[in-house]
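Peer 1: Fold the following.
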Amino acid sequence: RMIPGMRVLPGEMGRNTLLIRGPGGADAFCPANVYLDGVRIFDGATELDFLVRPQDVMAVEVYTGIRVPPQFLYGDGGRPCGAVVIWTKR
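Peer 2: Presented below is the predicted three-dimensional model:
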């Protein structure tokens, strides 16, 4: 929640939405692509605590705007919206 270029919007039934700044400028936000151990999980509309316990997290990478590595692009030709990549200790 403290990362520049990221917003967390409260959703229904505990499903928050992760929004990340896209390439459209300061006010252009879209759902983040979220990866767990390199595998795309969803596009930002869930509660991360249901996927992985905080004590199992080894590292978190956050990519905003057009700075997304190619392996974390998703969609038609890869949309450079942003990505959150979570690596576990396993």
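
Peer 1: contacts, neighbours, all on C-alpha from now
Peer 2: Fine.

Peer 1: do you know how far Thr88 is from Leu19?
Peer 2: 22 Å (CA to CA, to the nearest Å).

Peer 1: Between the two, point out the one with more neighbours.
Peer 2: Leu19 (24 against 15; other CA atoms under 10 Å).

Peer 1: Bridging across strands, which residues link to the more buried one?
Peer 2: Arg7, Pro31 (DSSP bridges).

Peer 1: Let me know the distance separating it from Lys89.
Peer 2: 26 Å.

Peer 1: Same check on Thr17?
Peer 2: Applying CA to CA to Thr17 and Lys89 gives a distance of 25 Å.

Peer 1: How about Ile41?
Peer 2: Distance from Ile41 to Lys89, by CA to CA: 17 Å.

Peer 1: swap in Arg40?
Peer 2: 18 Å.

Peer 1: same deal with Leu18?
Peer 2: For Leu18 relative to Lys89 (CA to CA), the value is 23 Å.

Peer 1: okay, the two: which has more neighbours?
Peer 2: Leu18 (25 against 9).

Peer 1: Contacts only, for Tyr63.
Peer 2: Gly82, Ala83, Val84 (CA atoms under 8 Å, 6 or more residues apart in numbering).

Peer 1: can you put these in a markdown table and add pLDDT, neighbour count and distance to Glu61?
Peer 2: Below are the contacts of Tyr63 laid out as a markdown table (pLDDT from 0 to 100; neighbours: other CA atoms under 10 Å; distance: CA to CA, whole Å):
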| residue | pLDDT | neighbour count | distance to Glu61 |
| --- | --- | --- | --- |
| Gly82 | 80 | 31 | 11 |
| Ala83 | 84 | 30 | 8 |
| Val84 | 86 | 22 | 6 |
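
Peer 1: Out of those residues, which comes closest to Gly5?
Peer 2: Gly82 (9.5 Å; CA to CA).

Peer 1: Fine by me, we can end here.
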